[in-house]
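Undergrad: my questions are about this predicted structure, shown below with the sequence.
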Amino acid sequence: MSYPRRLFYGWWVVATAALGLFFGSFPIVVISFAVFFKPLSQEFHSGRAGISLAFTLHNLLVSVSVPLLTGRLVDRYGARKVILPFTVMFALMLFSSKILSGKMWQLYAFYALLGLAGSGMGVVSYGSVVAKWFDRRRGLAFGLMMFGLGC
C-alpha cells in the first residue's frame, strides 16, 4: 500500500514569501505611486518634479539600505527577526500618513522612511528564507516567490 506524498513544507514557505512580497513595500509604494501622483500634487501644491523627488528619495533609500542594512541584519539575526519589525515599522509609517500636513519636507521624510522600512521586508529577506529550504529546485522556488511581486 502506498501512501500519498505530502507536499514539501518548503513550498508553503515559498507561498508565504510570495504573499509577504505581495503585501510588501514594492506593490504598495512603487506600483501605486502613479495612482496617488495627481492627488499628492494637488494636496502639496507642487509640480511633477517636487512630487517625483519624494519617489526618488524612496528609491534611493531602498537601494542604499538593502545591501548596507538589510543584508547585514539578515546575516546577523536571521530573516524572521528582520521581516517582522520592519513590517511593523512599515505599517506604522502608512498609518502615520494621516498626520501629514501640506509641507513638502514631510512628504519627503515620509517617503524616505517608507523606503527604509520597506527595505527590510523585500526580496533579500524573503529570499534568504526560501534559499534555506531548497537545494534542487531553488530557481523554481525563487521564481514562484517573485510571483508575489507581479500579481
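TA: That came through fine. Numbers count the residues shown, from 1 in each chain.

Undergrad: check contacts around the residue most central in space within the chain.
TA: The centre of the chain sits closest to residue 25, judged by CA atoms, centre = their mean, with a distance of 3.1 Å. Going by CB atoms under 8 Å, 6 or more residues apart in numbering, residue 25 touches 62, 90, 114, 115, 117, 118, 119, 121, 122. Where you see a C-beta, it was placed from the backbone N, CA and C, and this is true even at glycine.

Undergrad: put together JSON lines for the residues you listed, with pLDDT on each row.
TA: Formatted as JSON lines, the contacts of residue 25 follow (pLDDT from 0 to 100):
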{"residue": "62", "pLDDT": "93"}
{"residue": "90", "pLDDT": "93"}
{"residue": "114", "pLDDT": "93"}
{"residue": "115", "pLDDT": "93"}
{"residue": "117", "pLDDT": "92"}
{"residue": "118", "pLDDT": "91"}
{"residue": "119", "pLDDT": "92"}
{"residue": "121", "pLDDT": "91"}
{"residue": "122", "pLDDT": "90"}
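
Undergrad: could you dump those into TSV and include distance to residue 50?
TA: Formatted as TSV, the contacts of residue 25 follow (distance: CB to CB, whole Å):
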residue	distance to residue 50
62	20
90	24
114	17
115	17
117	22
118	21
119	24
121	28
122	26
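
Undergrad: these in helices, which ones?
TA: 62, 90, 114, 115, 117, 118, 119 (DSSP state H).

Undergrad: quick check: the second one touching residue 119?
TA: No - the pair residue 90 / residue 119 is not scored as a contact, 9.5 Å apart, by CB atoms under 8 Å.

Undergrad: who has more neighbours, these two?
TA: Legend: neighbour count by other CB atoms under 10 Å for residue 90 and residue 119, higher for residue 119 (27 against 23).

Undergrad: how about that one, nearest residue that isn't a chain neighbour?
TA: residue 65 (4.3 Å; CB to CB, 6 or more residues apart in numbering).

Undergrad: which residues sit in contact with that neighbour?
TA: With CB under 8 Å, 6+ apart, residue 65 has these contacts: 115, 116, 119.
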